[in-house]
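J.: Here's my sequence, what's the structure:
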Amino acid sequence: MPNGLNRIIAALVALVAVAFAAAIPAAAQDVKQIKLSEKQVLGFIASQKDLASIAGKIQAAGEKPDSALQGELEGIAKKHGFQSFNELDEVAANISIVMAGLDPQTGEFTDPVEALKKELIDVKGDSTIPDADKKQLITELEDAIQNTPSVQNAENIALVKTHRAEIEKSLQ
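T.: Numbering: from 1, shown residues only. Sure, this is the predicted structure:
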């Protein structure tokens, strides 16, 4: 479950920031991509208030949640229609992958890997960036390209876009 806690925290941070693909955690490669259902997305949205109420406990637990916290997480997941916290975590990670590819202004989707590649080209061609900073940015972008998954279930894009405003609001 430690990876689950890390992914849910990372997903929450990524969604709250609505940052582009750089916000997807390095562990995103390990995410099992699933076809999301309307029920799962709505359950995720509804669960955010309960998860936010124990966010401090989740962060304090780090990679070692005690049985009481684990019980709370399982209870929240079940309350919102999930079989387990693992399922809620999986849904959060899949939503996060799509949200990372949505333009904050237009809502249009760009595959995160393609967006990172475009950004890498832009950084390499930008002569206004100091060399040391440029080298670091290039390294970070190349790492992100290696560790960022493409969306495997195209249906998820339309579903998440439909509920984008609700998702963003639930995470505030």
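
J.: Got the phi and psi for residue 109?
T.: phi -100, psi 130 (degrees, to the nearest 10).

J.: Count residues in the vicinity of it, would you?
T.: A total of 20 residues lie near residue 109 under the criterion other Cβ atoms under 10 Å. Using the backbone N, CA and C atoms, a C-beta is placed for each residue, glycine as well.

J.: Does it touch residue 99 like I think?
T.: No: the criterion here is Cβ atoms under 8 Å, and residue 109 misses it with residue 99 at 9.6 Å.

J.: doesn't residue 145 fall inside a strand?
T.: No: read with DSSP: H, G, I helix; E, B strand; the rest coil, residue 145 is helix and lies in no strand.

J.: Hmm, it is touching residue 114, no?
T.: No: using Cβ under 8 Å, residue 145 is not in contact with residue 114, being 9.6 Å away.

J.: higher neighbour count, those two?
T.: Shown here are residue 145 and residue 114; by other Cβ under 10 Å, residue 145 has more neighbours (17 against 13).

J.: Spatially nearest residue to the more buried one, not counting backbone neighbours?
T.: With sequence-adjacent residues excluded and distances taken as Cβ to Cβ, 6 or more residues apart in numbering, residue 145 is closest to residue 116, at 4.9 Å.

J.: Near that neighbour, how many other residues are there?
T.: Neighbours of residue 116 (other Cβ under 10 Å): 25.

J.: Distance check, it against residue 48.
T.: Distance of residue 116 to residue 48, computed by Cβ to Cβ, to the nearest Å: 27 Å.

J.: Also residue 74?
T.: According to Cβ to Cβ, residue 74 stands 17 Å off from residue 48.
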